[in-house]
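S.K.: Please work out how this folds:
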Amino acid sequence: MRRALVILGLVTALGAYVVLTSGFGGARNDTYWVELDNAFGLIQGGDLKVAGVRAGRITDIRLDKRTKHALVGFRIDKNGFGSLRGDVHCDSRPQSLIGEYFLDCLPGTSPHKLKPGARIPVAQTSSTIAPDLVNDILREPERERLRIIVSELGAGVAGRGPELNAAIRRAIPALRETDKVLALLGDQNKTLQDLTVNADTVVGDLAANRKDVGRFVVTANDTAQASAERRPEIAAGLQKLPGFLEQLQPTMKALGEVADRQTPALQNLDASARQITDFFDRLGPFAQATRPAIRSLGQASITGDKAAKAAGPTVSLLDGVARGTPEVAKDLSMILGHLDDRRYAIEKDPRSPGGEGYTGLEALLQYVYDQTTSTAVYDQNSHIFKVALFAGECANYADAKTVKDDPSLLAKCGSFLGPDQPGITTEDITRFSDPRSDTARNVARRRSDPAAPPPLPTAPSPPVPTPKAPAVNEPAPSAPAVPGVGGAGGVKPPSVTVPPVTPGAPSVPNLPVPCVPPLRPPACTPNLGSAPAAAPPAAAPPASTPPVQLPGIGARTSAAAPSQPQGSGRSQQLLDYLLKP
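M.R.: Now for the predicted structure:
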């Protein structure tokens, strides 16, 4: 008995679960309820379509006893169709001519999303009257019955016109849509009036372009045929369109933000459009005028290219010079730093900052300032050259000569920088003791004309001796000075006539020449005075040639010599002396 009770309880619980889950659908998350004025033609298990696409089935049909409206439950079992919004609208539509109906819902665009199990109110629904019901009222006895119903209905709905109007609108969607169309037409009456007025112009243009219209119709037919042939591809593209639009939405949002940010720039551009237009209008003549200059620039670029290629050595030279520039700049920095350092001031001056004296740069600038202010003044309008005439003892303080003539002027009127004053306390190095000297003249010439080249020094011309004929008993002249020997200037030796040498005559050996000043080796033979040298006997010269005696030889010519004519022997000795290396 207990076992039977347990089995009965389990069966009851299972049945209740099935009824609650399948019948009412409240426990399922994808089940919704819609409230209709009329559920004619709808059956349990019928089709549910979302925007014309089958997405689920009708699960249950009930009657709301409080509102006397039909409650139709449906479940969405296709992925991607479960998102119904707060402004969803559902209609009961015929599916075929045999009386089958289905429930069609438009998801809506409201940001509010319906929760599963929610109820769609009757204001967001409509029903369709079947054509067979309309045709039935045309036959007897339905026609009489309809007349009676309408008569009685008039008395029954008296005073409830708005409710009846709303019921009729919901019952007949065509009337609702017609009312919307009429409202739109009423709002666009001005546009319709303009359309009517301009229709004649449009029709006239279409008649004038009849061939173009015909070609458009033919082209449209070809396009429709091509679209029909590619129906699968177009369908696949339309299926991918929702995903593409979903991915496109962030991009379009970002594009909208960019457009909003560009609004100020576009406004400025719009304000500058007139100037930009004027600029481009003037740019054309300017471009035409610059054509010759561009051509000339092209010709100049050829020459410039050659010059640039030829400038390689110069650039290399400049590069070499630039390498030493840092060292020069470093030295210059040291010099300028030294000139701008107050520690190296020449002397202390109470007028200087701190009384430590002026730096080199300050002294230079102070000198320029003092010279400017001493010769010109500024009266807030212009610079005026200033000349001051004064009379007194210091009027004679002009130069160093006046101070030397009157030393008392130095103590009364002297004013100079530093302890030394050239020409007064120290020697004036710019003056020469002898103004007529060559150095003074050259310095004066360079001061008057710095570009003139210096004069070339003139070499002193040596005196030219005039030889004279020696007497009969006069000793022979000294040996002529050889140029470059002994430090003396070059002297021309006297001309000597050498008779021709007879062929077959005996040769005379070279005689040594003693080193008698101004002769020096190798022009002479040193240590020749210690031993006498053999020499040919002296012979009387011929009457036409004066006798020539070599230095240091005339007293030592007692040695015998080979027999030869006296004139030819002396000539040969002189020739050997002159030609000796």
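
S.K.: Buried residues, the longest helix anywhere in the chain. List them.
M.R.: In the chain, assigned by DSSP state H, the helix with the most residues is helix 231-261. By neighbour count with 16 or more other CB atoms under 10 Å, helix 231-261 contains no buried residues. Glycine gets a C-beta too; all of them are placed from N, C-alpha and C.

S.K.: And the contacts of the next helix or strand after it?
M.R.: Using DSSP states H and E, the next helix or strand after helix 231-261 towards the C-terminus is helix 263-271. Helix 263-271 is touched from outside by I276, with contacts defined as CB atoms under 8 Å, 6 or more residues apart in numbering.

S.K.: Please apply the same query to stretch 59-72.
M.R.: Where contact means CB under 8 Å, 6+ apart, the residues beyond stretch 59-72 that reach it are 22-25, 31, 33-39, 42-44, 58, 73-75, 103, 119, 122.

S.K.: repeat for stretch 142-161
M.R.: 136-137, 163-164.

S.K.: Please repeat the previous calculation with a cut-off of 6 Å.
M.R.: 136-137, 164 (CB atoms under 6 Å, 6 or more residues apart in numbering).

S.K.: Look at A39 and give its secondary structure.
M.R.: Judged by DSSP: H, G, I helix; E, B strand; the rest coil, the three-state class of A39 is coil.

S.K.: any chance of the contacts of stretch 142-161 in CSV, with pLDDT and secondary structure too?
M.R.: Listed next are the contacts of stretch 142-161 as CSV, based on pLDDT from 0 to 100; DSSP: H, G, I helix; E, B strand; the rest coil:
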residue, pLDDT, secondary structure
D136, 73, helix
I137, 74, coil
L164, 72, helix
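
S.K.: which one of those residues sits closest to L84?
M.R.: Nearest to L84 among the contacts of stretch 142-161: L164, at 29.7 Å, using CB to CB.

S.K.: Any figure for the gap between that closest one and R147?
M.R.: According to CB to CB, to the nearest Å, L164 and R147 sit 18 Å apart.

S.K.: Those two: who's more crowded?
M.R.: Between L164 and R147, counted using other CB atoms under 10 Å, L164 has the larger neighbour count: 14 against 11.

S.K.: if I look at that one, how far off is V150?
M.R.: 12 Å.

S.K.: likewise G56?
M.R.: Separation of G56 from V150 (CB to CB) stands at 39 Å.

S.K.: just Q239 next, same as before
M.R.: From Q239 over to V150 (counting by CB to CB), the distance is 50 Å.

S.K.: Repeat that for W33.
M.R.: Taking CB to CB, one finds W33 at 33 Å from V150.

S.K.: Pull up the pairing partners for the lengthiest strand in the chain, direction included.
M.R.: In terms of residue count, the longest strand belonging to the chain (DSSP state E) is strand 53-64. Here strand 53-64 has these sheet partners by DSSP bridges: strand 47-50 (antiparallel), strand 69-76 (antiparallel).

S.K.: Let me know the average pLDDT across that strand.
M.R.: Mean pLDDT, computed over strand 53-64, is 90.

S.K.: oh, and call the first residue 11 from now on, that's how I've got it
M.R.: Done: numbering now begins at 11, and the last item shifts to strand 63-74.

S.K.: Quick check: buried residues in it?
M.R.: For strand 63-74, by 16+ other CB under 10 Å, it's 65-71.

S.K.: Nearest to D459 among those?
M.R.: Using CB to CB, A65 comes nearest to D459 of the buried residues of strand 63-74, at 115.5 Å.

S.K.: Need the contacts of stretch 152-171 in JSON lines (columns: distance to H79).
M.R.: Converted to JSON lines, those look like this (distance: CB to CB, whole Å):
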{"residue": "D146", "distance to H79": "24"}
{"residue": "I147", "distance to H79": "24"}
{"residue": "L174", "distance to H79": "16"}
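
S.K.: mind listing the helices for the stretch 11-160 of the chain?
M.R.: Assigned by DSSP state H, counting those that start in this stretch, the stretch 11-160 of the chain shows helices spanning 12-28, 141-146, 152-166.

S.K.: tell me, which of those is the model least confident about?
M.R.: When I compare those, helix 12-28 is least confident, with a mean of 54.

S.K.: circling back: of the contacts of stretch 69-82, keep whichever come out buried.
M.R.: 34-35, 41, 43-49, 52, 68, 83-85, 113, 132.

S.K.: neighbours around the closest residue to A128 other than its chain neighbours, how many?
M.R.: Closest residue in space to A128, ignoring its immediate chain neighbours: Y42 at 6.0 Å, by CB to CB, 6 or more residues apart in numbering. Per other CB under 10 Å, the neighbour tally for Y42 reads 26.

S.K.: next one: A140
M.R.: Neighbours of A140 (other CB under 10 Å): 15.

S.K.: Contacts only, for it.
M.R.: A140 touches nothing, counting by CB under 6 Å, 6+ apart.

S.K.: Residue ranges of each domain in this structure, please.
M.R.: Using automatic domain parsing, the domain parsing of the chain gives 17-138, 146-197, 216-270, 354-395, 399-442.

S.K.: For this protein, name the helix or strand with the lowest mean pLDDT.
M.R.: Taking mean pLDDT, DSSP states H and E as the measure, helix 12-28 is the helix or strand of the chain with the lowest mean score, a mean of 54.

S.K.: Next one: A246 from R240, what distance?
M.R.: The value you get for A246 to R240, if CB to CB is used, is 10 Å.

S.K.: hang on, I meant S458
M.R.: Counting by CB to CB - S458 and R240 are separated by 106 Å.

S.K.: Compare those two and say which one has the larger neighbour count.
M.R.: Legend: neighbour count by other CB under 10 Å for S458 and R240, higher for R240 (12 against 8).

S.K.: and of the buried residues of strand 63-74, the nearest to L202?
M.R.: Using CB to CB, these come closest to L202 at A65, 39.3 Å.

S.K.: That closest one contacts S93, correct?
M.R.: No: applying CB atoms under 6 Å as the test, A65 and S93 come out as separate, 10.9 Å apart.

S.K.: mind checking which helix or strand E357 is in?
M.R.: Applying DSSP H and E, one finds E357 in no helix or strand.

S.K.: That'll do, ta.
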